[in-house]
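Asker: Sequence isn't available, so here's the structure alone:
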């Protein structure tokens, strides 16, 4: 059914990096969610009023909030597809994150309200009236929500959408909530024990907890979370696939929305390579990244001596020194300035986030070890914090 709906209502559905296609996915998910949840809400509220069940009524109101969430999703995808303008030069794609955050807060508020109303139900219990039509409605609701969970999760994975994943999680919460209501109803019918209020509190706590987790997941992209290891690996492999690129460092990736990346990197090339050819290669790489990975990449060219035996041998020694301090330390922009009385060794050290050593202390330790090789070596060390990945140089190996 999901594949049928996608093929029926979304043109060019495989081109998920296109903003219009993403918008179409969002519209499809939102409309399907509104139709399904309005139907379930109407059915449950009617059954809940007839049976005086706070749990069923709360479940129906939950579906009403889900319909509201679907409307938020619709608006979010519509606004996030707007192109860049003078005030927002990087586009509006982050609005999708905001809509996901709104859905998460709706889930939180729903959980709190359900806990409150269920507690009142425990203090002031009312007898439940039972009918098999209530069971049928609840079972149909569970089956519908299972399908909506699979449907929204499928859409979310196809377009890498935190909003759709949040909506899918909410549907799974509804399956658990409605199942709990159904169990309480059957227990009351067969045993006479009224667990309506207690089940309501259980469901409310579960919904609140899941909403709290969703808030954390949806707020991370807004705060600027680190790119995924898979994306970093794709960038690494792509950069190193060009024969003239000897290595890279200082890779920085910024996300301005799903599949909306801006990046910069220092690419190392042999110092004796032809300048015009290198410039032409950089243009090709930037175009390839935009077309194949959807990344707007800016490359800074770093010429590196690759055929100087003394420089290469000393670089290996220095890399060995920093690796003994921490295995994730790496160096780049390594060069020598040879004088009559001493030699300046100039390089950058890339430091992982977990290493809390002060830059001056780290540079001092490295300088001390280098002077053990030759006391005429003077070091000029720049310490860089590495938030993305270690540098890679093909001529180090």
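Answerer: Nice, thanks for sending it over. In this text, all values refer to a predicted model and were calculated from it rather than measured experimentally.
Asker: need the contact list for the closest residue to residue 115 other than its chain neighbours.
Answerer: Of all residues not flanking residue 115 in the chain, residue 204 sits nearest, at 3.6 Å (CB to CB, 6 or more residues apart in numbering). From N, CA and C alone the C-beta is placed, and that goes for glycine too. Counting by CB atoms under 8 Å, 6 or more residues apart in numbering, residue 204 touches 58, 111-116, 118.
Asker: now the residues you listed: which count as buried?
Answerer: Neighbour-count burial (16 or more other CB atoms under 10 Å) is assigned, among the contacts of residue 204, to 58, 111, 113-115, 118.
Asker: Give me the subset of those residues that lies in helices.
Answerer: In helices, judged by DSSP state H, the following of the buried ones among the contacts of residue 204 are found: 58, 111, 113-115, 118.
Asker: where's the spatially closest residue to residue 9 that is not a sequence neighbour, which helix or strand?
Answerer: Nearest non-adjacent residue to residue 9, counting by CB to CB, 6+ apart: residue 28, 5.4 Å away. Using DSSP states H and E, residue 28 sits in helix 19-51.
Asker: For that helix, list every residue counted as buried.
Answerer: For helix 19-51, by 16+ other CB under 10 Å, it's 19, 21-34, 36-37, 40-41, 43-45, 47-48, 51.
Asker: Tell me which other helices or strands that helix touches.
Answerer: helix 2-9, helix 54-80, helix 132-159, helix 162-191 (3 or more CB pairs under 8 Å, 6 or more residues apart in numbering; DSSP states H and E).
Asker: so what's the closest residue to residue 319 other than its chain neighbours up against?
Answerer: Closest residue to residue 319 apart from its sequence neighbours, by CB to CB, 6+ apart: residue 331 at 5.7 Å. With contact set as CB under 8 Å, 6+ apart, residue 331 has these partners: 315, 318-319, 322, 347-350, 391.
Asker: Give the buried residues for the host helix or strand of residue 331.
Answerer: Following DSSP H and E, one finds residue 331 within strand 330-338. Neighbour-count burial for strand 330-338, counted by 16+ other CB under 10 Å, picks out 330-336.
Asker: Strand partners (parallel or antiparallel) of that strand?
Answerer: Strand pairing for strand 330-338, determined by DSSP bridges: strand 343-352 (antiparallel).
Asker: From the chain's centroid, how far away is the partner strand?
Answerer: 33 Å (CA atoms, centre = their mean, to the nearest Å).
Asker: ditto for stretch 331-347
Answerer: Mean C-alpha position of stretch 331-347 versus that of the full chain (CA atoms, centre = their mean) differs by 42 Å.
Asker: Same question for stretch 266-275.
Answerer: Centre-to-centre, stretch 266-275 and its host chain are 35 Å apart (CA atoms, centre = their mean).
Asker: related to what we said a few turns ago, any idea which of the helices and strands packed on helix 19-51 gets closest to residue 375?
Answerer: In terms of CB to CB, the element of the helices and strands packed on helix 19-51 nearest to residue 375 is helix 162-191, at 56.0 Å.
Asker: between the following helix or strand past the closest one and helix 162-191, how big is the angle?
Answerer: Per DSSP H and E, helix 162-191 leads on to helix 196-223 as the next helix or strand towards the C-terminus. Relative orientation of helix 196-223 versus helix 162-191 (axes from the mean of the first three to the mean of the last three CA atoms, to 10 degrees): 170 degrees.
Asker: Could you point out the helix or strand that follows helix 196-223?
Answerer: Using DSSP H and E, the helix or strand that follows helix 196-223 in sequence is helix 229-239.
Asker: Show me what counts as buried in that following helix.
Answerer: Within helix 229-239, the residues scored as buried using 16+ other CB under 10 Å are 231, 234-236, 238-239.
Asker: likewise stretch 358-365?
Answerer: Within stretch 358-365, judged by 16+ other CB under 10 Å, the buried ones are 362-363.
Asker: Please state the mean pLDDT value computed over that stretch.
Answerer: On average, the pLDDT along stretch 358-365 is 87.
Asker: now do stretch 174-189
Answerer: Stretch 174-189 comes out at a mean pLDDT of 83.
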